[in-house]
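# Generate coordinates for the sequence data below:
(one chain, ligands or ions: 1)
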Amino acid sequence: MLHLIVADSELETIPEEMLDDPGVRRFAKKRNKRVDRMILDSNYMHAFIDKYYPGESKRRGRPDIIYILLEMAQESILNRKNLLRTYIHTRNDFVIKISPITRMPKSYNRFIGLFEDLFEKEIITNNGKTLLSLERMKLDELLESLKKDRTILLHPKGEFKKPSEFISTEDIAAIIGGFSEGDFRSDVSNIPEKYSIFRDELTIWSVGLEIVASYERAIGLL
Ligand SMILES: C[S@@+](CC[C@H](N)C(=O)[O-])C[C@H]1O[C@@H](n2cnc3c(N)ncnc32)[C@H](O)[C@@H]1O
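Residues are numbered from 1 along each chain as shown. Below is the predicted model:
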């Protein structure tokens, strides 16, 4: 089993400090949503994020990168064979567990709507089956709860290796940062295996794709 963990993801509802901003409220009205139930999205709220968190507008509010990664992960052969578990750990220490049977909406707007529902209801089901669930959990608590043989951190400053050199057939928890700038906020210093797979920085979904594909090859699926 491969446990793919996207850690410190920049996925959150509108933070407290921004709730009373007239511009943000106008935006919520246009979407016909309660302001506290909207997901922070720098694609649309860049200027507001800059106003309340100067210098953070490139990092905060990036549900788009999680969307692309989940499209890749959920449609992968590994997931279709029920050998992948994907978790989104967020900057505010929530963990979203994605069931292998979950297919992501093809439209970004519908994805945002689905995750707004999830932040409100904490669970999304279909015909009695849980598709998505959300709970308060730190990264180390998530790691402790998983049955795994190895934990691997993907990091541009890790030891340079090809995925085929470090991915094995064991149960692996692989951690990728769910942000486009900066470093992990959670303490990842005690994770023994830390690898870089390319000389330049990659997107989170291309790193996820390489790890999933290497695992598929390691266990003989491909
Ligand atoms: C776009 S990067 C964030 C960049 C950030 N400056 C950093 O140093 O992690 C997001 C995540 O993708 C993964 N990543 C990006 N490039 C990588 C590389 N060359 N090797 C391994 N992982 C990489 C890491 O898990 C990283 O936390």
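# The host helix or strand of residue 159 pairs with which strands?
Take DSSP states H and E as the rule and residue 159 turns out to sit in strand 150-160. The pairing partners recorded for strand 150-160 under DSSP bridges are strand 172-177 (parallel), strand 193-196 (parallel).
# C-terminal to it, what's the next element?
Per DSSP H and E, the first helix or strand lying C-terminal to strand 150-160 is helix 163-166.
# Show the average pLDDT along the strand holding residue 159.
Per-residue pLDDT over strand 150-160 has a mean of 98.
# and that strand, C-alpha only, in CSV?
The C-alpha coordinates for strand 150-160 follow below in CSV (Å, rounded to 0.1, in the frame of the first residue of the first chain):
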residue,chain,number,x,y,z
ARG,A,150,8.8,3.3,5.7
THR,A,151,8.1,7.0,5.7
ILE,A,152,9.6,9.1,2.9
LEU,A,153,9.8,12.9,2.6
LEU,A,154,10.0,14.4,-0.9
HIS,A,155,12.0,17.6,-0.6
PRO,A,156,14.0,19.6,-3.2
LYS,A,157,16.9,19.7,-0.7
GLY,A,158,16.9,16.0,0.0
GLU,A,159,19.4,13.4,-1.1
PHE,A,160,19.3,13.3,-5.0
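# count of residues packed around residue 178?
Residue 178 has 23 neighbours, counted by other C-beta atoms under 10 Å. All C-beta atoms are positioned from the backbone trio N, CA, C, and that covers glycine.
# Please tell me I have it right and it contacts residue 8.
Yes: assessed by C-beta atoms under 8 Å, residue 178 is found in contact with residue 8 at 5.8 Å.
# what do those two both touch?
Residues touching both residue 178 and residue 8 (C-beta atoms under 8 Å, 6 or more residues apart in numbering) are 89-90.
# Contact residues of the protein facing the ligand?
Within the chain, the positions lying close to the ligand (C-beta under 6 Å from any ligand atom) are 154-156, 176-177, 179-183, 196-198, 201-204, 207.
# quick one: residue 124 is in a strand?
Yes: counting by DSSP: H, G, I helix; E, B strand; the rest coil, residue 124 is found in a strand.
# Just give me the neighbour total for residue 197.
By the criterion of other C-beta under 10 Å, residue 197 has 21 neighbours.
# swap in the one 10 residues further on?
Under the neighbour criterion other C-beta under 10 Å, residue 207 is assigned a count of 24.
# Residue 130 against residue 99, yeah?
Yes: look at residue 130 against residue 99 with C-beta under 8 Å: they come within range, at 5.8 Å.
# When the two are compared, which one has more neighbours?
residue 99 (17 against 14).
# Run a quick check on the more buried one versus residue 129, I expect a contact.
Yes: taking contacts as C-beta under 8 Å, residue 99 lies within contact range of residue 129: 7.1 Å.
# if we can go back for a sec, go through the strand holding residue 159 and flag the buried ones.
Residues of strand 150-160 classed as buried: 151-156, 158 (neighbour count, 16 or more other C-beta atoms under 10 Å).
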